[in-house]
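Asks: build me a model from this:
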Amino acid sequence: MEPEKKSALKLGKLKQLGPATLSQVPLLLPNDWDDLRFPVEHFDAIHRVPEGTKLLVRGTIQSEPSVRFGKPPRTTIFIADECGYTIGTIFFGDTRQLGLVRGKHVSITGNARAFNNQIWLNNPEIVESEWVGRLRPKYPGKPKIIKPETVRQNVVSLLPVFIPEASRYFESHIEKLIPVPVLMAMLNLPNVTLEKVIRVAHVPRTIAAGLKAQEALGTMAAFCRLGEVARFQAPVRQSRLSVSKVMAPTIIQNLPFALDAGQHDAVRDILDRAGGSTAMRHMISGDVGSGKTAVFGCVAAAIARAGGRVAIMAPMGVLANQSLEAIKAFWPDLRCELVIGDPKAKLDHEKRDRVLSAQVVAGSTALLFQDVGTFDLVIIDEQQRFSRDQREGLIRRGDEHLIEVTATCIPRSMALLKYGQWSFSRLRGDHVTKNITTEIVCSRQYKQEAGQMIMSRVNETLANQRQVLIIYPLREDAEESSGPPRSVRAAEKIFQRMFPGQVLSIDGSRSAAEKESVIEQMKQGKARILIATSVVEVGLDIPGLQRVVVVNPERMGLSALHQIRGRVARTGGQGYMDLYAPDVLADHSRTRLEVLVETQDGFELTERDMALRGVGSLASDSDQQTGADESLLFGRPITIDMLQTASSIIESLKDSLKKADIGAI
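Replies: Numbering: from 1, shown residues only. Here you go, the predicted structure:
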């Protein structure tokens, strides 16, 4: 196309679907295709087609359309084939722009059905002659902005002009890693150009070919994204710490208990990495009771003794204090300080001086807003409770070591573990033997009313002299309701009447001191039922707690639910978690909750959660922690399957690329 004509083309409302330039339009892929390859021109055979079959028929409008005005207006037409067989169909709405007149030759698609010895097409649509005998792509639209039909019209008209540019754009990302022909061969597309793959992804001759082309483009996009991850270069440290794995026995001997083999190996591995010349990015993953605090405490003590400074940030001040108190008790020679409270209240000079000279500083997010100096190691406890900006907020020089600790890491973090950017330690041990039975309880599942079943289980637990935690999604209802309670405040009133003097509650409005007081009363057995919001996800340790009931669990993430489950049976034995859904669960919600029923392993749960929710964006500058990573494609997000295929290709190519010196992964 001539340059002046090409420049006259406009992106328009297509930019609402992702493309920022005209050259990116071919990377907006269709979701599906209408199969219009086999038009029916002899209608007598349609009587033998199963009802509901989608057909494309070609014929002539037999008589003048019959129009009935109403809301909405309807236009009835009959089209006939060469032998006089007819098919009827009804168009709703204003049909004037369709030009439906007697004698006009038309192609119409719709779902066949028989009524009163007449074949009808439901949901009819006039098909443009250019698509008859072909697969017609179906693109996404945007309600009230641009219709799918308009998207198709615009995209298809731009494909011949801009596919070459889109191909070069895509190739430029692949060529940073390996030559395009090498990747095409790995995808079983030898001697096929990227231009052809893009064209077939839009307008293939067969659906199988279109799906294969789209799968190839998706894998290429995933390959480019993983290539960026694999090419990540950890910052070089300005000065190396004099720590190594040989220090582990000296540090561990201060503990009043023995580490298991997994914990011991984790301490050695992390100390070995911490003594390296590059900044460590490491994850410690383990369920409640697996000894994560002992592991990062040993690492913190070793680095502090080697002359480094360590920060430990937790989502709650009480958790930060618990970690710090443990470190002070095990390694009393270390100078430790706690920074919690109102982040707007600046530290006084005396406190600030103590913090700046401390070897280990623990705190809440208040650490991010105070003058606490710089650190050699930053430890983020319960990483799933923080945004990426918060987790990296104490990385101020850029070469600090970073350890994130969790039972259920964020999907994006799990992807970085699986695909090469982070190292990790997985702790599988537990200081007690326990089993927690998790069950979804909703009215659709039982003849007995689900609420009655839950109360029966609560009463049974109390009769066994054990305690119950009941989680509600809200602190208080916006308005009074006659149905079952949906908030902590409403539920507390009801349970107090049923169990006077035996009920306590916690929600986000309580001060830290109030929360600690409630937990202490539960520990001492002064109450048997604790009603709370998800604020108790971390930091709750009540030895007598045997059962947790979560009301409306579909409103919570799997990570939070697993953390809450970890509060049960802390001293061992049998525990119970009831996921109580007063309402009918949507299929996708039930599928997600069934993951919790099927596994008690936080690491496995996170892998499955990642598959359900997406990995987020793996781009180095992204804070998107879940969802689809669209990267180079629009309307075709990167899936777990694409990432796994791309990862296999990268692994198979690593050695050959190094030998041939034709890429850098």
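Asks: and the next helix or strand past the longest helix seen in the chain?
Replies: Ranked by residue count and defined by DSSP state H, the top helix of the chain is helix 148-174. Downstream of helix 148-174, the first helix or strand assigned by DSSP states H and E is helix 180-186.
Asks: can I get the CA coordinates of that next one in PDB?
Replies: Output in PDB follows, covering the C-alpha atoms of helix 180-186 (Å, rounded to 0.1, in the frame of the first residue of the first chain):
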ATOM      1  CA  VAL A 180      13.300 -17.400  14.700                       C
ATOM      2  CA  PRO A 181      13.800 -20.500  12.400                       C
ATOM      3  CA  VAL A 182      15.200 -22.400  15.400                       C
ATOM      4  CA  LEU A 183      12.100 -21.700  17.500                       C
ATOM      5  CA  MET A 184       9.800 -22.400  14.600                       C
ATOM      6  CA  ALA A 185      11.500 -25.800  14.200                       C
ATOM      7  CA  MET A 186      11.000 -26.500  17.900                       C
END
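Asks: which residues in the stretch 51-200 of the chain form strands?
Replies: Assigned by DSSP state E, counting those that start in this stretch, the stretch 51-200 of the chain shows strands spanning 54-61, 66-68, 74-80, 86-92, 105-115, 118-126, 135-138.
Asks: swap in the stretch 551-665 of the chain?
Replies: For the stretch 551-665 of the chain, applying DSSP E, counting those that start in this stretch gives strands covering 573-581.
Asks: all helices of it, in order?
Replies: All helices of the stretch 551-665 of the chain, identified by DSSP state H, counting those that start in this stretch, fall at 558-565, 587-598, 602-613, 640-660.
Asks: format the ones you listed as a markdown table; extra columns: distance to A512, mean neighbour count and mean pLDDT.
Replies: Backbone N, C-alpha and C define where each C-beta goes, glycine included. Supplementary listing: the helices of the stretch 551-665 of the chain in a markdown table, determined by distance: least, Cβ to Cβ, whole Å; neighbours: other Cβ atoms under 10 Å; pLDDT from 0 to 100:
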| stretch | distance to A512 | mean neighbour count | mean pLDDT |
| --- | --- | --- | --- |
| helix 558-565 | 19 | 23 | 86 |
| helix 587-598 | 29 | 16 | 88 |
| helix 602-613 | 26 | 20 | 75 |
| helix 640-660 | 40 | 16 | 65 |
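Asks: out of these, nearest to E195?
Replies: Among the helices of the stretch 551-665 of the chain, helix 640-660 comes nearest to E195, with 21.0 Å by Cβ to Cβ.
Asks: could you report the neighbour count for E350?
Replies: E350 has 8 neighbours, counted by other Cβ atoms under 10 Å.
Asks: care to break the chain down by domain?
Replies: What automatic domain parsing lists as the domains of the chain is 38-133, 245-427, 446-583.
Asks: name the element G210 belongs to?
Replies: In the assignment (DSSP H and E), G210 maps to helix 207-230.
Asks: what's the closest of the helices of the stretch 551-665 of the chain to E476?
Replies: Comparing these against E476 with Cβ to Cβ, the closest turns out to be helix 558-565 (19.8 Å).
Asks: and that closest one, what does it pack onto?
Replies: Helix 558-565 sits against strand 545-551, strand 573-581, helix 587-598, helix 602-613, with contacts defined as 3 or more Cβ pairs under 8 Å, 6 or more residues apart in numbering; DSSP states H and E.
Asks: again, only this time at 6 Å
Replies: Counting contacts by 3 or more Cβ pairs under 6 Å, 6 or more residues apart in numbering; DSSP states H and E, helix 558-565 packs against helix 602-613.
Asks: and the angle for the helix it packs on with helix 558-565?
Replies: Here the directions of helix 602-613 and helix 558-565 differ by 150 degrees (axes from the mean of the first three to the mean of the last three Cα atoms, to 10 degrees).
Asks: list the contacts of helix 602-613.
Replies: 285, 287, 407-409, 411, 414, 426, 558, 562, 592, 595, 599, 626, 640 (Cβ atoms under 6 Å, 6 or more residues apart in numbering).
Asks: list just the nearest of these to I108.
Replies: The nearest member of the contacts of helix 602-613 to I108, counting by Cβ to Cβ, is I640 at 40.5 Å.
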